[in-house]
Each structure stands twice: as C-alpha cells, then as structure tokens.
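Chemist: fold the following, please.
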Amino acid sequence: MGFPGTWMTQSESVVYRVVPKCACSTIGQIMFYSDHGTFFDGDIHDAETGMHKWALEESQGPISDNVTGQRSFAFTCVRNPYTRILSSFFDKICGIQRNGRRYRGNLVPQLMQKYGIEVGGEDGKQDFDQIASFRRFLLFARDTIRWRRPMDPDIHWSAMSGHVSTFIVNGGRYDRIIWTEDFNGGMQQVLDAIETPHPVDLAAIPRFNESEGHGPKRTHPVEDYFDDLSMHLVREIYKRDFELFRYDFDNPGNKKPIGEIDLDEVHAKLGD
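Modeler: Modelled structure (predicted):
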C-alpha cells in the first residue's frame, strides 16, 4: 500500500501526510517555499516537480526509504469534523471546481435526484435552503462511508483518522499532529523542529485556500446546520476523529480543540 497522500520536500527536511480540507494547500506551499525560496505558481496539488509526492512514481522510493527509516520530522494537520464536513459540502457539492465543472461529473445531479439536495443553481450563487440541503448531504456522506453506496467515500469527507492511519500502519511515525484551528502555533512548532534551505517567516505567508470562492458563502453559524439527527450522523461517521484529535462533539459551535493530542494513543489506536 505504501504511503498514499504523503508529500516530502526535495531536501527531505520534512514529511507531511495530507488530510484533505485541513490547510493542505498552505502547508504544501510552505514546504515548497522552504526548499526553493519561492511559491509554486498555481495550485500546489498540481505540482509535479519541486516536491516529492507519493502520487509521482519517481518519488515513491525516496518517500518509502525516508518514512520507514523515520529519517525526517513527520507531521499532519487535522480539523474540527463539523467545520470540515461543512466545508466539503460548500466546496465540493455546491461549488464549481477550478476546471470549470462540477466535482466528479455526474455526482451532483445524482445527489439532487436521489437525496433532494439543492446547490444554488448552475453557478452555485443562487439562494437555497442551505441547512436542509446540508443535512441531506450528511445522509449521503454517511451512506458512502458506512455502506459504500451509492459510491465509495470521497477523500474530502472520509474520516481524518483513516487518512492519518495509513502512514502509521505502513511503518511511519508522526512527530507532531497540528490543528487547523491553531495553524500558526502548530506550524511554527514544525518549522522550529526542522532545518530548511530557505527560512520561512510564517507571519508573512499568505493563506492558500484553493477552495475559496468555489461555492456559495455559508449564511448561518456552524451550529445551525446540526440538529440532533445531524449530530448523531456526525458521531457515527467521525467518532474516532473527535476522540483522538480532542474536538468537542457536544457543541458544534466550538471549533477549538478541548485537550492535547496524545501521539502515543494515536499510534496505538490507528496502528492496528
């Protein structure tokens, strides 16, 4: 299986396991900058040079050797499950992607037909009942994760613990897991622990939110999208994420973590 979703700087200063919807565009650009002193011109997910990525065949050997030998500082980044699934809905379901099309071709028409989801019209900009549509999307996400139908779960809404675990199961070990909600604090700890060819001033780094503007703006507070049934579905899908990464299940309005992540616990529970 190897190390899917793993990126590494060419200098091998740091290894990062991508978790979708968790600041991965910004992290990738910081890694690129730390090696080259310049940002990648475009979406870092499209970069095929200047950084090792598991998806690039020529990078798999160097990544495998580094990770199994635990030669470099390794980290990942997580996010509150409530805000992550909401972001996935507005970006991937309601939004027009950077290729000018809907995400995954006929997925959205299928969701509109089978689940009664609205997405704000052709361009995603018209008014619609965001709360009702999001709750229907949540049913769909649960169906994909629990029963793998009407399709396999998508990486943008499958549980973070699943992404994080592949790195551990195949022989890697994390030195740190940071929170999107304390991005600067966590990323600074990563940078303090490594040596990079080019210094990185975190305060001067822009945020590379590649999903910004893809879809409609969220018009309600986070907690308004989650009634008792929605919270039950979220617990069913993301129970392990809440527990391991110390997020507050009982209060969807509190996006901040409520405790420290125990790396030994993460490795023990996700390394099976």
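Chemist: next helix or strand past the worst-scoring helix or strand of the chain on mean pLDDT?
Modeler: None of the helices or strands of the chain scores lower by mean pLDDT, DSSP states H and E than helix 107-115, at a mean of 92. Moving toward the C-terminus from helix 107-115, the next helix or strand (DSSP states H and E) is helix 130-147.
Chemist: now whichever helix or strand comes after that next one: buried residues?
Modeler: Once the chain leaves helix 130-147, the next helix or strand it forms, by DSSP H and E, is helix 160-169. Neighbour counts over helix 160-169 (16 or more other Cβ atoms under 10 Å) mark Met160, Ser161, His163, Val164, Ser165, Thr166, Phe167, Ile168 as buried. Placement of C-beta: from N, CA and C, glycine included.
Chemist: show me where this structure has strands.
Modeler: For the chain, applying DSSP state E gives strands covering 6-9, 14-17, 51-53, 73-78, 176-179.
Chemist: select, out of those, the one closest to His198.
Modeler: Evaluated with Cβ to Cβ, the strands of the chain place strand 6-9 nearest to His198, the distance being 10.5 Å.
Chemist: alpha carbons only: can I get the closest one in PDB?
Modeler: Only the C-alpha atoms of strand 6-9 are listed here, as PDB (Å, rounded to 0.1, in the frame of the first residue of the first chain):
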ATOM      1  CA  THR A   6       2.400  11.700   1.600                       C
ATOM      2  CA  TRP A   7       4.400  14.700   0.500                       C
ATOM      3  CA  MET A   8       8.100  15.300   1.300                       C
ATOM      4  CA  THR A   9      10.400  18.300   0.500                       C
END
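Chemist: how about the closest residue to Gly186 other than its chain neighbours, what does it touch?
Modeler: Of all residues not flanking Gly186 in the chain, Ile178 sits nearest, at 2.7 Å (Cβ to Cβ, 6 or more residues apart in numbering). By Cβ atoms under 8 Å, 6 or more residues apart in numbering, Ile178 lies in contact with Phe75, Thr76, Cys77, Val78, Gly185, Gly186, Met187, Gln189, Val190.
Chemist: if any of those residues are buried, give me the PyMOL selection for them.
Modeler: Buried members of the contacts of Ile178, defined by 16+ other Cβ under 10 Å, are picked up in PyMOL with:
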select buried, resi 75+76+77+78+186+187+190
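Chemist: picking that back up, from the buried residues of helix 160-169, which single one is nearest Ser13?
Modeler: Minimum distance to Ser13 across these is 17.5 Å, recorded for Phe167 (Cβ to Cβ).
Chemist: list the contacts of that closest one.
Modeler: Applying Cβ under 8 Å, 6+ apart to Phe167 gives the contacts Phe3, Gly5, Thr6, Arg17, Val67, Ala74, Thr76, Tyr174.
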